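need a 3D model of the following:
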Amino acid sequence: MTGEGPSPPGRKILIAEEGFSMDEAIEAVKRDDAGAVVAFIGTVRDDGIDSLHLETYKEAAEEELLAIREEALARFGLLEAVVIHRSGRLRIGDEIVIVACSAAHRREAFDGCRYILEELKRRAPIWKKEVGPAGERWLEVGGDPAHDPARGREVP
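Here you go, the predicted structure:
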């Protein structure tokens, strides 16, 4: 992974224009009282596209990510959590998102990580546009709980 660390010291959420360091994100959640550290990294997959463009309403997205992080800390007893989401033009294999969580036990760390990821996909104002040989198409990302973004349903 290349680029800057997850965020300035003390900042636990970030919308990043550049790549990020998974190692630094994991280090940011490690604690002496943590028995588990769980990290998820999402990447742009080769799904017949050339690139993926992510647009954000940065201030609102950061505010929502912070709220989701705080909810997960309280709900799952997480000791720490870092959330980083990319913005801009990405190519196949580029990192899109990382969620790293620490907890006393693995169940809490896994559950908290999954919660943060699912909620950010549902609630954060981040939009995806696929660009490929067939042209461009916007994918619905958040706001529709019945929608599974992995299926790539086009917005009508």
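
for my notes, confirm residue 109 occurs in a helix.
Yes - judged by DSSP: H, G, I helix; E, B strand; the rest coil, residue 109 forms part of a helix.

from residue 30, how far off is it?
Residue 109 is 12 Å from residue 30, where distance means Cβ to Cβ, to the nearest Å. (Glycine included, C-beta is placed from N, CA and C.)

overlap of the contact sets of those two?
37, 102 (Cβ atoms under 8 Å, 6 or more residues apart in numbering).

more neighbours, those two?
When neighbours are counted by other Cβ atoms under 10 Å, residue 109 comes out ahead of the other of residue 109 and residue 30, with 27 against 12.

check contacts around the more buried one.
34, 36, 37, 38, 76, 78, 101, 102, 103.

which one of the residues you listed is nearest to residue 18?
residue 101 (22.9 Å; Cβ to Cβ).

regarding that closest one, what is its secondary structure?
Residue 101 is classified as strand under three-state DSSP.

now do the residue nearest to residue 78 when sequence neighbours are not counted, the pLDDT please.
Once flanking residues are discounted, residue 78 sits nearest to residue 112: 4.4 Å by Cβ to Cβ, 6 or more residues apart in numbering. Residue 112 is assigned 98 on the pLDDT scale.

check this structure and tell me which residue is nearest its centre.
For the chain, the residue nearest the mean C-alpha position is residue 97 (3.3 Å; Cα atoms, centre = their mean).
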